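Asker: model the following, please.
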Amino acid sequence: MALNSDGGASWRRLAVVIYLPTAVSFIGFGAIAPLVPLTARALGASVAEAALVVALMGIGTLIGALPAGVIADRFGEKKSLVGAMVVDIGCLLVCAFAPNTWVLAGAVFVTGLSGAMLSLARQSYLTVAVGLEYRARALSTLGGVFRIGSLLGPLMGAAVVTVWGLQAAYLVAAGTSLLAATVTMALPELPTPEHPPDEPVRLAQVLRRHAHTYATAGVGAAALMLVRTSRDALLPLWCEQVGLDAAATSLIFALSSGIDMTLFYLGGSVMDRFGRRWVSVPSMVIMSLCFALLPLAHSVVAVALFAAALGLGNGISAGVVMTIGSDASPAVGRPQFLAGWRLTTGIGQAAGPLLITAIAALAPLGAAALAIGAIGLTGAGWLWLWVREPSIQGR
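Answerer: This next block holds a predicted model:
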């Protein structure tokens, strides 16, 4: 099913069997994500306990990265996707009827595990199914679908909760996962390798064999993830510091997210035509300069301009981390390699908010912004040095 001269038909096919269920499931996820801490509080959790329940989803995603690679290699991407969605359905139903905080916490944690499986299996499938000349656009579109779901999901969740209450939002999300699983059943199986390995591929062997890639391009991609996630943690804190109210902060975020959501295909097109560096490095430089200059922003207009520029930098980089990882992945042991890649970049993703929290506890918030900017600029140089461009005939 690799794309070739008949690329249009293949893209339409992918839109139905990959992008549609991804969008549907992410809208459901986006609907319940803001509601998890409210559900925990309704079950009697303290504020700190509710925050821990929310954190368990991210922890589950990190812990699930390596097992997801093993499962995808053992059962194949299609079965892994459907199985993870079935697990998601069960977890969402448990969340809807959870009798106490502990049961809710367990379901949220398992949702993080299944989320790791879904993300890895989708990336692995597209890496094989789409020709190299279209890979960046395919994965950038996947990244764009994530963003669309994250934007539309909370809107749907708000509407459902307003009419039917918290429990109904989880039931609707379970329904979106069921729909996504049903559509995914139509996903064509990937072709069997012409020369399958004589022995099962071991996760530890793959990780050792590609340790240099994780330590070079992987570290650069982790820095990019760190800078990306810092926007969500740092921007609202800065809005509060300069005296903006909640309504203004929400509008600024909407502006940034709106720009972010519209640029994913542009970034993928540039990567396919000119190379991965021509998106990864400029996006890092744009976001890093925004953070480094953020301490100079003291008005709603100035903060909004920086937020818009952050949306630009983040938007064009949609899918670039997945693309770089897919380019580096081997034909044998690809799911295991991508599991290690996702763990490496996931650590960077988790580190951003933690770093901001640590610096802000000891120094002014502007120091945290400067630190993120410095890390990003260093990461941009690191990516330029270590990202290897794939050889695409006719580029």
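
Asker: quick check: chain neighbours aside, which residue is closest to residue 366?
Answerer: In this structure, residue 366 finds its nearest non-sequential neighbour in residue 295, 3.5 Å apart by Cβ to Cβ, 6 or more residues apart in numbering. C-betas here are computed from N, CA, C, even on glycine.

Asker: residue 244 touches residue 301, doesn't it?
Answerer: No. Using Cβ atoms under 8 Å as the test, residue 244 is too far from residue 301 to be in contact (11.0 Å).

Asker: the more surrounded of those two?
Answerer: Legend: neighbour count by other Cβ atoms under 10 Å for residue 244 and residue 301, higher for residue 244 (19 against 8).

Asker: now do the same for the residue lying closest to that one once chain neighbours are set aside: its pLDDT.
Answerer: Once flanking residues are discounted, residue 244 sits nearest to residue 300: 5.9 Å by Cβ to Cβ, 6+ apart. In the prediction, the pLDDT value recorded for residue 300 is 90.

Asker: and for residue 300, the neighbour number?
Answerer: Residue 300: 17 neighbours (other Cβ under 10 Å).

Asker: my guess is it contacts residue 247, does it?
Answerer: No. Contact criterion Cβ under 8 Å: residue 300 and residue 247 do not qualify, at 10.7 Å.

Asker: what about stretch 330-338, average pLDDT?
Answerer: Averaging pLDDT along stretch 330-338 gives 92.

Asker: what lies in contact with that stretch?
Answerer: For stretch 330-338, the external contacting residues (Cβ atoms under 8 Å, 6 or more residues apart in numbering) are 68-70, 72-73, 77, 120-121, 123-124, 127-128, 193, 197, 201-203, 205-207, 209-210, 325-326, 328-329.

Asker: below-threshold pLDDT in the stretch 51-200 of the chain: ranges please.
Answerer: 192-199 (pLDDT under 70).

Asker: in it, mark out all the strands, start to finish.
Answerer: Here the stretch 51-200 of the chain has no strands by DSSP state E, counting those that start in this stretch.

Asker: what are the ranges of the helices in it?
Answerer: Along the stretch 51-200 of the chain, counting by DSSP state H, counting those that start in this stretch, helices occupy 77-97, 101-129, 135-164, 166-184.

Asker: the helix or strand that the last one is followed by - contacts with which helices or strands?
Answerer: Think helix 166-184. Downstream of helix 166-184, the first helix or strand assigned by DSSP states H and E is helix 203-209. With contacts taken as 3 or more Cβ pairs under 8 Å, 6 or more residues apart in numbering; DSSP states H and E, helix 203-209 sits against helix 47-75, helix 334-362.

Asker: kindly reformat the ones you listed as JSON lines containing distance to residue 157.
Answerer: What follows is the helices and strands packed on helix 203-209, written out as JSON lines (distance: least, Cβ to Cβ, whole Å):
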{"stretch": "helix 47-75", "distance to residue 157": "15"}
{"stretch": "helix 334-362", "distance to residue 157": "22"}
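
Asker: quick one, domains of this structure?
Answerer: Residue ranges for the domains of the chain, per automatic domain parsing: 13-184, 203-386.

Asker: now do the last one: distance to the chain's middle.
Answerer: Relative to its parent chain, domain 203-386 has a centroid offset of 11 Å by Cα atoms, centre = their mean, to the nearest Å.

Asker: other residues contacting stretch 101-118?
Answerer: Against stretch 101-118 from outside (Cβ under 8 Å, 6+ apart): 25, 29, 36, 39-40, 43-45, 49, 52-54, 56-65, 67-68, 71-72, 80-81, 83-85, 87-88, 91-92, 94-95, 98, 342.

Asker: list the buried residues in that stretch.
Answerer: Using 16 or more other Cβ atoms under 10 Å as the burial criterion, the residues of stretch 101-118 that qualify are 101, 104-118.
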